[in-house]
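A.B. asks: need a structure here:
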Amino acid sequence: MISLRNLHKSFGPKTVLSGFSLDVAEGETVVIIGYSGTGKSVAIKHIVGLLDPDEGTVFVDGLEVPTLRRGELSALRAKIGYVFQFAALFDSLTVAENVAMGLRKQGTLNEREIADRVHEALDLVDLPEVEDRLPIELSGGMRKRVGIARAIALRPKYLLYDEPTTGLDPVTSAVIDELMIRMRDKLGVTSIVITHDMRSAYRVGTRIAMLFEGKVRQVGTVEEIQQTKDPVVRQFIEGRADLEVPAA
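C.D. replies: Numbers count the residues shown, from 1 in each chain. Prediction:
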């Protein structure tokens, strides 16, 4: 289980999180929605210890992340796959080398085992024949799928997706959505997805949380969010600009 409790985070004079709390149970896919620049990515970076909160804390499987020592944090990160917004592939490395990076860093597998794990991960994202290609030779959607393969090659318990469908056409976005659902159903991973794409949110989420003014404005099932009467949430999910947003 992941539990973010009363997180506060500022960068200089800019307050990004001001009491953000969210629990994610095992087996869930929780989608975090919200306007650009509201701190969605900042929130999930606390889960892997990339950021430390100014106040509040984060627990993953009972471990308090901000208090972990370096070795303990490395062990925790081995359980968490992170899919970056723009895939974050190294252009000078082949697809196979990109997918193998985390496995080599762990240092627990030999080269044959790493190769097998790379094959397995690429098969799961339906890219079995691109191992020797460079990222520049791939489409945007394929690069996103390689990013997912790199994350799942570690066989993580948790997957964090940061804007996985950004910049993709509707058909390719639907492919990425199906892959996220496959990771949950076939691998049993627990996921947090950051997105602006409400079609994607409704498709992959078991629950949806809206981040607004530094905290969760509303959290609920897909049906509960679709039927919300909260004017702020309603404006966002309908993509309307004609509503005067009240204070939280």
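
A.B. asks: can you pull out the strands in the protein?
C.D. replies: Under the criterion DSSP state E, the chain contains strands at 2-11, 14-24, 29-33, 55-60, 63-64, 80-83, 158-162, 190-194, 207-212, 215-220.

A.B. asks: Ok, which of those comes nearest Arg133?
C.D. replies: Closest approach to Arg133 among the strands of the chain (CB to CB): strand 80-83, 19.5 Å. Backbone N, C-alpha and C define where each C-beta goes, glycine included.

A.B. asks: Please list the outside residues in contact with that closest one.
C.D. replies: 47-48, 60, 144, 147-148, 150-152, 154, 156-162, 164, 189 (CB atoms under 8 Å, 6 or more residues apart in numbering).

A.B. asks: one more time with 10 Å
C.D. replies: Identification of contacts with strand 80-83 by CB atoms under 10 Å, 6 or more residues apart in numbering yields 2, 44-45, 47-50, 60, 88, 102, 144-145, 147-164, 176, 180, 183, 187, 189-194.

A.B. asks: What of stretch 177-189?
C.D. replies: 26-29, 31, 79-81, 83, 124-126, 144-145, 148-149, 151-152, 155-159, 161, 164-165, 190-191, 193, 195, 197, 199-206.

A.B. asks: Let me know the average pLDDT across it.
C.D. replies: Stretch 177-189 comes out with an average pLDDT of 88.

A.B. asks: Give me the most central residue, this protein.
C.D. replies: What sits nearest the mean C-alpha location of the chain, by CA atoms, centre = their mean, is Tyr161, with 1.9 Å.

A.B. asks: Name all residues that make contact with the residue lying closest to Leu211 once chain neighbours are set aside.
C.D. replies: Nearest residue to Leu211 in three dimensions, chain neighbours excluded: Gly34, at 3.8 Å (CB to CB, 6 or more residues apart in numbering). Residues near Gly34 by CB under 10 Å, 6+ apart: 40, 43, 194-196, 209-213, 216-217, 232-233, 236.

A.B. asks: mind listing what's buried in the longest helix along the chain?
C.D. replies: The helix that spans the most residues within the chain, counting by DSSP state H, is helix 170-187. Along helix 170-187, these residues count as buried under the neighbour rule (16 or more other CB atoms under 10 Å): 172-173, 175-177, 179-180, 183-184.

A.B. asks: As CSV, could you dump the C-alpha coordinates of that helix?
C.D. replies: Provided in CSV are the C-alpha atoms of helix 170-187 (Å, rounded to 0.1, in the frame of the first residue of the first chain):
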residue,chain,number,x,y,z
PRO,A,170,-6.1,8.9,-30.0
VAL,A,171,-5.4,5.4,-31.4
THR,A,172,-1.9,5.2,-30.0
SER,A,173,-3.2,6.6,-26.7
ALA,A,174,-5.8,3.7,-26.6
VAL,A,175,-2.9,1.3,-27.1
ILE,A,176,-1.0,2.7,-24.2
ASP,A,177,-4.2,2.5,-22.1
GLU,A,178,-4.6,-1.2,-23.0
LEU,A,179,-1.0,-1.8,-21.9
MET,A,180,-1.6,-0.2,-18.6
ILE,A,181,-4.7,-2.3,-18.0
ARG,A,182,-2.6,-5.4,-19.1
MET,A,183,0.1,-4.6,-16.5
ARG,A,184,-2.5,-4.4,-13.8
ASP,A,185,-4.4,-7.6,-14.8
LYS,A,186,-1.5,-9.8,-16.0
LEU,A,187,1.2,-8.7,-13.7
